[in-house]
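Chemist: any chance you can model this:
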Amino acid sequence: MSTGYSGNSTHDKNVNAAELAHQNSIVAGASRATCVAADALFHRTAAKSALANNCGAEPFLSALRGLGQSLYP
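Modeler: Predicted coordinates:
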């Protein structure tokens, strides 16, 4: 599991929960579309949490842009 620690316990809990859901969404045989959707949902959730908790959102926003997604679909 990929985790990061911001020092903000609320944000860290949100990101860890989003990562758990992300990993549960990507199962053996999942299509590329399913994987991209799971990735986008994780990064979107983490970015919104970072913004709400005054943490660094740019890594998550950058990942969304890399997926061709935005914060608000």
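Chemist: return the residues in contact with residue 34.
Modeler: Going by C-beta atoms under 8 Å, 6 or more residues apart in numbering, residue 34 touches 25, 26. Using the backbone N, CA and C atoms, a C-beta is placed for each residue, glycine as well.
Chemist: where does it land in three-state SS?
Modeler: helix (DSSP: H, G, I helix; E, B strand; the rest coil).
Chemist: any idea how far it is from residue 26?
Modeler: Plainly put, residue 34 is 7 Å away from residue 26 if you go by C-beta to C-beta, to the nearest Å.
Chemist: nearest residue to residue 6 other than its sequence neighbours?
Modeler: Distances taken as C-beta to C-beta, 6 or more residues apart in numbering place residue 55 nearest to residue 6, at 4.5 Å, with adjacent residues excluded.
Chemist: so that neighbour is in contact with residue 8, correct?
Modeler: Yes - distance between residue 55 and residue 8: 5.3 Å, which falls inside the contact criterion (C-beta atoms under 8 Å).
Chemist: before we move on, back to that, quickly list what's touching both of residue 34 and residue 26.
Modeler: Here residue 34 and residue 26 share no contacting residue, scored by C-beta under 8 Å, 6+ apart.
Chemist: quick one, what contacts the residue sitting furthest away from the middle of the chain?
Modeler: Relative to the mean C-alpha coordinate of the chain, counting by C-alpha atoms, centre = their mean, the farthest residue is residue 29 (21.2 Å). Neighbour list for residue 29: empty [criterion: C-beta under 8 Å, 6+ apart].
Chemist: show me where the chain has helices.
Modeler: Ranges of helices in the chain, per DSSP state H, are 9-25, 32-52, 58-66.
Chemist: who's in contact with the shortest one?
Modeler: Right, helix 58-66. For helix 58-66, contacts defined as C-beta under 8 Å, 6+ apart pick out 39, 40, 43, 44, 46, 47, 50, 70, 71.
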